[in-house]
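Asks: Structure of the sequence below:
(4 chains)
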Number of protein chains: 2
Amino acid sequence: MHGRAQDVSVTVDLAIFTVRDDELQVLLITRGNEPYLGAPALPGGYVRAGETLDEAARRELSEETDRDPRGRVITVSYLALGPNMPDPTAGTDARTAFWVPVETALSWRAKLAFDHAEILGEALEQARSKLEYTTVAAAFCAEPFSIGDLRHVYETVWGVTLDPSNFRRKVTQARLFLESTGERRRAEMGRPAALYRRGPARLLSPPLLRHGDAI
Amino acid sequence: MHGRAQDVSVTVDLAIFTVRDDELQVLLITRGNEPYLGAPALPGGYVRAGETLDEAARRELSEETDRDPRGRVITVSYLALGPNMPDPTAGTDARTAFWVPVETALSWRAKLAFDHAEILGEALEQARSKLEYTTVAAAFCAEPFSIGDLRHVYETVWGVTLDPSNFRRKVTQARLFLESTGERRRAEMGRPAALYRRGPARLLSPPLLRHGDAI
DNA sequence: AGAATAGTGTCTATCAGACAATATATG
DNA sequence: CATATATTGTCTGATAGACACTATTCT
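Replies: This is a model prediction of the structure:
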């Protein structure tokens, strides 16, 4: 997948996250080919540019935009979050896929294939950022869900604890984010939580900001 | 490119923006094949999933995440902004590429191939959003640039006018966004503007929010 | 009652938006 | 001087974060 020559092709590495066991975890595979045979790696595919892209856009823009790496912003991200992502099921080649806590994966650094440690770090930051200004977090709570469920997603992905009352105020005031079902859920302990379903908004306005942001 | 069967492949449509003539413009091509022969369209390529992606990730996750379209968040965006993007140069097949104001392209709606009107609309919103929480805008000002240059990018992409003093306060207080060069630029009229270069930050903290956000 | 979680109310430092005022250039 | 743009300063309403308090369940 890497190092394919001749035709215009670029690899796509996927950071697939889930929330399991109160931890943020990422899906890795064990490489079955050289290079990095046996090393843990992000799952990936490759993109081969079609004729239209290559002829009409890429060549014309390359000189202008390649000077500064930020001049061309190509974002290929696969972000999946969920409270109960399935174990990689038994099946041909799925045997090499496994979930691992993000912290653990990042601690491996040099063991990860290619530059996947860096990619993972950036994907993590992107996922954390997406929670601020989009409604994805709600998409990964099974409906109906409580505000506490939603808060738990934020806390796990961001790695912080949030003030329940301030969190409630923000998410309930955000337009078209949550729709009340009028129902409640009885838990083992404590007052039953009001239940919600996702509203139509995809972007959070106003956004839900973390306190200190990174670069 | 669309409708390719058999192997797992999905199209990628590219929204490439530039700021020219004080307008936000987008790169389109004229289709040379059926379907939609002769219709304006976004340039595009196709992604074919590699074995690793297909075997290790896609199948395992599909049942879980395909129920809700937001369960799988695939973002493939190609965002290019610049004050002076070149005209599509003469060359084989580049003859069909052209810049057009975004407003014009959106007004065509039904004329655009496939669902490209929708895709363009979403890409526009994504680009506008990226200006809020990333530093891309600065990446598309030729260095060195003035705060007025930067403000002009925001105003053109967002389609609003911004208060110069409040804008200045925000961008100069954002950490690692701008670095002063100590130099000034003499313009035709008015006080010379202090010049800056891009700082190392990729994410804007705190973000620069528009007043009213969309869905 | 005690523990646990959900939800409401309030206070305050901070900040975004509005806008007045000043600075420095050209003609 | 008039005009245009850059830059600084100030005022005020809105709000994020901190935190006290109330509500409703289970044991």
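
Asks: can you pull the buried residues of the longest helix along chain A?
Replies: With secondary structure taken from DSSP state H, chain A has its longest helix at helix A:116-133. The neighbour-count check on helix A:116-133 (16 or more other C-beta atoms under 10 Å in any protein chain shown) flags A:116-117, A:119-121, A:123-124, A:127-133 as buried. For every residue, glycine as well, the C-beta is placed using N, CA and C.

Asks: just for chain A, where's the confidence low?
Replies: A:1-13, A:44-95, A:212-215 (pLDDT under 70).

Asks: hey, where'd the helices end up in it?
Replies: Ranges of helices in chain A, per DSSP H, are A:51-52, A:59-65, A:102-108, A:116-133, A:136-139, A:147-158, A:164-173.

Asks: Check whether the fifth one comes into contact with DNA strand C.
Replies: No: contact of helix A:136-139 with DNA strand C is not found when judged by C-beta under 7 Å from any atom of the strand; the minimum separation is 14.3 Å.

Asks: ok, back up a step: can you lay out the buried residues of helix A:116-133 as CSV showing distance to DNA strand D?
Replies: Formatted as CSV, the buried residues of helix A:116-133 follow (distance: C-beta to the nearest atom of the strand, whole Å):
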residue, distance to DNA strand D
A:116, 32
A:117, 30
A:119, 29
A:120, 26
A:121, 23
A:123, 24
A:124, 20
A:127, 19
A:128, 14
A:129, 15
A:130, 18
A:131, 13
A:132, 11
A:133, 13
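
Asks: related to what we said a few turns ago, now tabulate the helices of chain A in a markdown table and tack on distance to chain B.
Replies: A markdown table is the format used below for these (distance: least, C-beta to the nearest C-beta, whole Å):
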| stretch | distance to chain B |
| --- | --- |
| helix A:51-52 | 5 |
| helix A:59-65 | 5 |
| helix A:102-108 | 15 |
| helix A:116-133 | 6 |
| helix A:136-139 | 4 |
| helix A:147-158 | 13 |
| helix A:164-173 | 13 |
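
Asks: now the ones you listed in CSV, with distance to residue B:140?
Replies: Supplementary listing: the helices of chain A in CSV, determined by distance: least, C-beta to C-beta, whole Å:
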stretch, distance to residue B:140
helix A:51-52, 24
helix A:59-65, 9
helix A:102-108, 31
helix A:116-133, 20
helix A:136-139, 27
helix A:147-158, 30
helix A:164-173, 32
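
Asks: how much space between the residue in chain A that DNA strand C sits nearest to and residue B:117?
Replies: The minimum distance from chain A to DNA strand C, using C-beta to the nearest atom of the strand, falls at residue A:190 (2.4 Å). From residue A:190 across to residue B:117, the span is 49 Å (C-beta to C-beta, to the nearest Å).

Asks: And residue A:179, by the same measure?
Replies: Following C-beta to C-beta, the distance that separates residue A:179 from residue B:117 is 28 Å.

Asks: Could I get the contacting residues of the closest residue to residue A:168 other than its chain neighbours?
Replies: When the adjacent residues along the chain are set aside, residue A:168 lies closest to residue A:147, with 5.4 Å between them (C-beta to C-beta, 6 or more residues apart in numbering or on different chains). Each residue near residue A:147 by C-beta atoms under 8 Å, 6 or more residues apart in numbering or on different chains is listed here: A:167-168, A:171-172, A:178, A:193-194, A:196.
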